[in-house]
Each structure stands twice: as C-alpha cells, then as structure tokens.
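1. Dropping a prediction and its sequence here:
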Amino acid sequence: MAGMVDVTIPVGPEAAAALADTTKREAIGGIVSRLLRPVVGDDPLLDAMGRLGADATARGLTPQVLDAELAAHKAERRRWSSSMPRHW
C-alpha cells in the first residue's frame, strides 16, 4: 500500500496467525492508522461530530456548561434509580 510503513509490534499467537494474511494485515494497518490519527473529512462520523461541536460552541456551550449538564443528568439518574424497587 502506498504511503504505508511496516512496523513491528508484539502480539499474541492468535493475532500473529491472523496477521499472516496480507488482506487482514492491511485492513488492521488502516484501522490502526485511523485510530492514531483521525482526519476530519475522511470519516462521515468524525466530520459530523466536528460540525456538531462547532455549532455547540457557536451557541455558547462551554466545557463548564457541559460539565454542569452532565452532573445534573447523573444526579437525576441516581435519584431515579434509588426510587426503583430493588428487585430490578
């Protein structure tokens, strides 16, 4: 594959056996490359997440507001779960 570089990493025997297949090895290499360096625009999900984040920021969402909302949600879930019968 163009633009790819072979690397050596320790893996278990089962993984080594699976990676003996060139097609599987190339597919895993692509996955590892994307995990370590995702590029917005190449992945529709990452692109959508980037647009959503930019829109939220433009509308005033800050990390502090998000943390407060998450804390309120967790508190509500705790109240709800503590009111449920224990046999659930």
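-> Perfect, thanks for sending it.
2. Mind jotting down where the helices sit in the protein?
-> 13-18, 22-36, 44-58, 63-83 (DSSP state H).
3. Quick check: can you list the domain ranges of this protein?
-> 1-37, 44-83 (automatic domain parsing).
4. Adding mean pLDDT, write the ones you listed out as a markdown table.
-> A markdown table is the format used below for the domains of the chain (pLDDT from 0 to 100):
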| stretch | mean pLDDT |
| --- | --- |
| domain 1-37 | 86 |
| domain 44-83 | 89 |
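5. need the ones you listed in JSON lines with mean neighbour count, can you?
-> In short, each C-beta sits where N, CA and C put it, glycine included. What follows is the domains of the chain, written out as JSON lines (neighbours: other CB atoms under 10 Å):
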{"stretch": "domain 1-37", "mean neighbour count": "10"}
{"stretch": "domain 44-83", "mean neighbour count": "10"}
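6. picking that back up, relative to Val5, which of the helices of the chain is closest?
-> Taking CB to CB, helix 22-36 is the member of the helices of the chain nearest to Val5, at 9.2 Å.
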